[in-house]
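# Whatever this is, show me its structure:
(3 chains)
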Amino acid sequence: MLKRLALGVAAAALVTSPAAAGPKDFTAQGYALPADKPVTIVLMRPDMEVGELQAGGMVEPNADWTKAAREHLAKAMESAHKSRNIELKPIDESQEGNAQLVADYEALHRAVAEAIVTYKYYGAKLPTKKDQFDWTLGPGAQKLGEASGANYALFFYGRDNFASASRKAVQVAGMLGCLIGMCIITSGGQHVYYASLVELSTGNVVWFNVLRGSKGDVREAEGAQGMVDAIMASMPSRPGEGGKATTVAAKAR
Amino acid sequence: MRFVSAITAAAVVLAGMPATAQDAPAPTAATGPQDEDERGLWMQVEDAERKLKASNFVIRDPALNDYVRSVYCKAVGPSECAGVRIYITRTPFFNASMAPNGMMQIWSGLFLRVRDEAQLAAVLAHEHTHYRQRHSLRLFRNIKDKTNAAAWLAIVPFAGIISLGMLGSIFSFSREMEREADSGSLTALSASGYDPEAASQIWGQMLAEFDATAAERKRKRRSEGGMFATHPPSVERQADLKKQAAALPAGGERRRGKDSYRAALAPYWADLIDDQIKLNDFGATDLLLGQLASDGWTAELLFARGELHRARGAAGDFDKAAGYYADAVARGAPVEAQRGLGMALLRSGKSAEGQAALKEYLRLRPEAKDKAMIAMLAGESS
Amino acid sequence: MRKFLMIAGGAALLAAAPAMAGFKLMPAGQPQLIRKSALTVTPGIAWNRLGARLGRNAEAWTLDGNTLNDLIFYTAIPAGQTLFREVDKKNKPLPKFDAKMLAPDVVAMFESSYRIANSTSLFSVDSVEPATFAGKPGFRFTYSFTIQNEEVRRSGEATGAIVNGQLYMITFEAPKIHYYDRNIADYRAVVASAKVG
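As a prediction, the model looks like this:
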């Protein structure tokens, strides 16, 4: 939970940071999907929660919203992959050892994603990684491939917090404050997503994208599809394909 | 934080189970959550349970789990306990909690702090009452009114860490709830044939432990904050429980189950005590060991006492520790007592004797993890 | 230690980006003086030094981020001091170093400090042996631990010595999966380069 909390903090910081909202992605340098094999993906259980952002800045999870969003996102993911001709492979967690394997790699990926979010997006940069994007889960990730028959794994994380009425009131008050020279800008809702594509033969995170800001209301089918399309737009998805236009981003930043 | 949540949730009173029927029965796995608040709560606890299932911290030992379940089922009745999932986690503080979906969590530190089966039953029945009376939902709604539900996370052990400052006001409601649970409670325990005196005793033991921690650290026991702000003063509560227990009709079975408890827990004492010693809380640990030794100091308890003094390492501690280890060895203590004895003697300047003890340790435990280092300290050439 | 780092990191993130303590490049082959103390090391590969302090006598380096690899230097810790900054001095005081400690006592202090600071009981010492540190007789031990709710199993190795009544120690820890094995040799190279005084 400590780690999860920290990630939450990093994510919260992402949304409150002055940088422009929208997706910002990284692709491992020079990486292209192998041309000689079909792209199959095991979709890890999306870590998705929807809640209401209270005046005090605390988040109240909302089960109905979360449930709706999880369902809509699952469908949106499915159609997004379908349109890219990517086969999604399930992993049978009821099989001996699979649940532990999944739990171990989910835990490791949380640690890796936290490092990426912290050091590539928001926090202090690591000097040794200045022009590099080379995070990995290690080649042992191939075990996920063996368990699922996929050659990639996609991790998905989302925290979508809508502003409550009281939160909106605080926002207004904050802006009024600007008139008298004391100004606290409170952000409205928080919408933070990341998606992470891992090549299972190497364990390398070959593509990572963070999306800040809303691309639609994920509690509804259309909004969820918009969110998924936005975050996955730059994901390399066809054999032989490398990162999209933003590939150079790793250098630019 | 963890400790605060430990004591607040631990709130050791037993509870009158379904005795008070003014509330609808708890939603179970079969009926499911009823409204938006309940659904929110369930979603969180179901996510938490899924994580718990794969957690490295869950003690999956079947014998211990079976024993705890058997005591629970005896206390609340077989139809009540059916469907409840019990997770024992390796956490060295006193806590048990039950989520509205029937997930019960018990921290390993609880086992060092209850003395017999009746006391264990008291804790489990208490938690069961919270569950049946849907207290967590009422608490959740109350918190929602006062702050918002995220604060809820601060008080359920499987969730995160949020500000402590809010707990006081939130728990004044929980205090009412505890009181309410107290009043209708003891009948349940007595109905299952356990001695209802057990409940008040746990309070007494906890109180003594907090005092011991505070005394060793040369502080006053906190008179506000933590459990004392959020629960009725436990002296008063202890007395209440005692009085109510005494007022119950005499006769009937008044089981303590001390021997069965000790026998069931015997394989785990060493690890439980080891976890406790490493908390660097000399006062509480010393008191707990004393309580465990109420029937006499066994070799294992003497060894633990030696470890405790050696870990503190204050003036005179190494001599005392050496004495306890020596007594432990005389009574057939674990092999590690020789190691402790050797280390304690070395630290109190008795090199030759210390090295002899370390050599004896290596002779008895040739595969020891710290073999190479101990061999050097023992003066062995290899 | 991990908990401390994270809280510091989280707080800094909350406070806003520019205020966050940065990292400094520790280039390969260049001797580095740790916290202006008597301890010098020369890394074989480039590391990132965390600007935030872990305590009066400790500093941390990393390669991929502190959740993935933590190289920590404890330098010249005097008697009566804790290994790293107290997390909750009032309610969870950490054990203190004593100049008369023998190697197994240092290991016990380290274990207890980690258990308390990280609120975990899943910590085990896996081996303890004599070793040379900065040319002085010292110790080496290995350990593993997991932090609750984080669930990443980590391995660690520590090497150190008590020199003139003060504790010098370098530790490395990383997830058991991939990360520990990948860089343990780089850690040992840093340890082999250590000089005190």
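
# Would you mind measuring from B:Gly83 to B:Ala328?
B:Gly83 sits 45 Å away from B:Ala328, going by CB to CB, to the nearest Å. Backbone N, C-alpha and C define where each C-beta goes, glycine included.

# which stretches of chain C form helices?
C:2-15, C:103-118, C:179-192 (DSSP state H).

# right, I mislabeled it, should have said the stretch 51-200 of chain B
B:62-76, B:78-81, B:109-113, B:117-132, B:135-146, B:152-155, B:167-183, B:186-191, B:197-216 (DSSP state H, counting those that start in this stretch).

# averaging pLDDT over each of those, which comes out lowest?
Among the helices of the stretch 51-200 of chain B, helix B:152-155 carries the lowest mean pLDDT, at a mean of 36.

# How many residues are close by the nearest residue to A:Ala35 once chain neighbours are set aside?
Distances taken as CB to CB, 6 or more residues apart in numbering or on different chains place A:Gly240 nearest to A:Ala35, at 3.6 Å, with adjacent residues excluded. A:Gly240 is flanked by 11 other residues according to other CB atoms under 10 Å in any protein chain shown.

# Please apply the same query to C:Lys100.
By other CB under 10 Å, 14 other residues sit near C:Lys100.

# Who are the contact partners of it?
For C:Lys100, the set of contacting residues under the criterion of CB atoms under 8 Å, 6 or more residues apart in numbering or on different chains consists of B:Arg347.

# which residues does the residue of the stretch 1-150 of chain A found nearest chain C contact?
Of the residues in the stretch 1-150 of chain A, the one nearest chain C is A:Gly138, at a distance of 2.4 Å by CB to the nearest CB. The contact partners of A:Gly138, by CB under 8 Å, 6+ apart, come to A:203, C:177-179, C:182.

# what do you get if the cut-off is 7 Å, keeping everything else the same?
A:203, C:177-178 (CB atoms under 7 Å, 6 or more residues apart in numbering or on different chains).

# Could you find the closest non-adjacent residue to it?
Excluding the flanking residues, the one nearest A:Gly138 by CB to CB, 6+ apart is C:His178, at 2.4 Å.

# so the one you found touches A:Gly140, yeah?
Yes. Contact between C:His178 and A:Gly140 holds when scored by CB atoms under 7 Å: they sit 6.0 Å apart.

# who's more crowded, the two?
Neighbours of C:His178 and A:Gly140, each counted by other CB under 10 Å, are more numerous for C:His178; the result is 19 against 16.

# Give me the more crowded residue out of B:Gly83 and B:Ala328.
B:Ala328 (27 against 11).

# so the more buried one is in which element?
In this structure, B:Ala328 is located in helix B:317-330 according to DSSP states H and E.

# Give the next helix or strand downstream of that helix.
Stepping forward along the backbone from helix B:317-330, the first helix or strand reached (DSSP H and E) is helix B:336-347.

# ok, and does that next one reach over to chain C?
Yes. Judged by CB under 7 Å from any CB of the partner chain, helix B:336-347 comes into contact with chain C through B:343, B:346-347.

# which one of these is nearest chain A?
For chain A, the closest of these turns out to be B:Met343, at 33.4 Å, with distances computed as CB to the nearest CB.

# Next, count neighbours for that closest one.
Applying other CB under 10 Å, we find 27 other residues in the vicinity of B:Met343.

# Just the pLDDT for it.
Predicted confidence (pLDDT) at B:Met343: the value is 98.

# For it, give me its contacts.
B:310, C:102, C:104.

# Might one say that the second one is in contact with B:Ile374?
No. Checked against CB under 7 Å, the pair C:Leu102 and B:Ile374 is beyond contact range at 10.0 Å.

# Show the pLDDT at the nearest residue to B:Gly313 once chain neighbours are set aside.
Here the nearest residue to B:Gly313 in space, its sequence neighbours aside, is C:Asp98; by CB to CB, 6+ apart that works out to 6.1 Å. Per-residue pLDDT puts C:Asp98 at 97.

# Please state the backbone phi and psi of C:Asp98?
With angles defined as degrees, to the nearest 10, C:Asp98 sits at phi -130, psi 130.

# how many other residues sit next to it?
Tallying neighbours of C:Asp98 according to other CB under 10 Å, which is how burial is gauged here, yields 18.

# Quick check: it vs A:Met44, distance?
Using CB to CB, C:Asp98 is found at 48 Å from A:Met44.

# same deal with B:Arg331?
According to CB to CB, B:Arg331 stands 54 Å off from A:Met44.

# Please apply the same query to C:Gln30.
41 Å.

# between the two, who's got more neighbours?
Between C:Gln30 and A:Met44, A:Met44 has the larger neighbour count (other CB under 10 Å), namely 20 against 10.

# mind checking pLDDT for the more buried one?
Confidence per residue is given as pLDDT, and for A:Met44 that number is 93.

# which residue packs closest to it, ignoring adjacent ones?
Closest to A:Met44 by CB to CB, 6+ apart is A:Phe155, at 4.9 Å.

# Give me the distance from the helix or strand that neighbour falls within to the chain's centre.
In this structure, A:Phe155 sits in strand A:152-163 according to DSSP H and E. In terms of CA atoms, centre = their mean, to the nearest Å, the centre of strand A:152-163 is set 5 Å apart from its chain centre.

# which residues of the stretch 101-250 of chain A score low on pLDDT?
A:123, A:164-189, A:243-250 (pLDDT under 70).

# Could you report the distance from the spatially most central residue of chain B to chain C?
Nearest to the mean C-alpha position of chain B, counting by CA atoms, centre = their mean, stands B:Leu110 at 1.5 Å. Distance of B:Leu110 to chain C, computed by CB to the nearest CB, to the nearest Å: 13 Å.

# any idea how far chain A is from the residue lying closest to that residue once chain neighbours are set aside?
Closest residue in space to B:Leu110, ignoring its immediate chain neighbours: B:Phe94 at 5.3 Å, by CB to CB, 6+ apart. When CB to the nearest CB is applied, the distance between B:Phe94 and chain A equals 20 Å.

# what does the model give B:Phe94 for pLDDT?
83.

# contacting residues around whichever residue of chain C sits closest to chain A?
The nearest approach of chain C to chain A comes at C:His178, 2.4 Å away (CB to the nearest CB). When contacts are counted by CB under 7 Å, 6+ apart, C:His178 touches A:136-138, A:140, A:203.

# With B:Val71 instead?
Under the criterion of CB under 7 Å, 6+ apart, the contact partners of B:Val71 comprise B:117, B:120-121, B:124.

# Any chance of a markdown table for the residues of helix B:336-347 next to chain C, columns distance to C:Glu129?
Compiled in a markdown table, the residues of helix B:336-347 next to chain C are given as follows (distance: CB to CB, whole Å):
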| residue | distance to C:Glu129 |
| --- | --- |
| B:Met343 | 16 |
| B:Leu346 | 17 |
| B:Arg347 | 20 |
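
# what's the burial count for B:Arg217?
B:Arg217 is flanked by 16 other residues according to other CB under 10 Å.

# Just want to know which of C:Leu102 and B:Ile374 has more residues nearby.
Per other CB under 10 Å, whichever of C:Leu102 and B:Ile374 has more neighbours is B:Ile374, with 26 against 18.

# you'd agree the more buried one is up against B:Leu364?
No. Contact status for B:Ile374 versus B:Leu364: not in contact, 11.6 Å apart, counting by CB under 7 Å.

# neighbours of residue 36, just the number please.
All of this is about chain A. For A:Asp36, the number of neighbouring residues by other CB under 10 Å comes to 7.

# ah, no, chain C please
Under the criterion other CB under 10 Å, the count of neighbours that C:Lys36 has is 8.

# And for A:Ala111?
Based on other CB under 10 Å, the number of other residues close to A:Ala111 is 27.

# wait, isn't it in contact with C:Thr67?
Yes. With contacts defined as CB under 7 Å, A:Ala111 counts as touching C:Thr67 at a distance of 4.0 Å.

# In the chain, mark out all the strands, start to finish.
Unless you meant another one, I'm taking chain A. With DSSP state E, the ranges of strands along chain A come out as A:22-27, A:40-43, A:47-53, A:59-61, A:87-89, A:152-163, A:190-199, A:205-212.

# nope, chain C please
Defined through DSSP E, the strands belonging to chain C, from first to last, are C:23-26, C:32-33, C:39-41, C:47-50, C:58-62, C:70-77, C:123-133, C:136-145, C:154-163, C:166-175, C:195-196.
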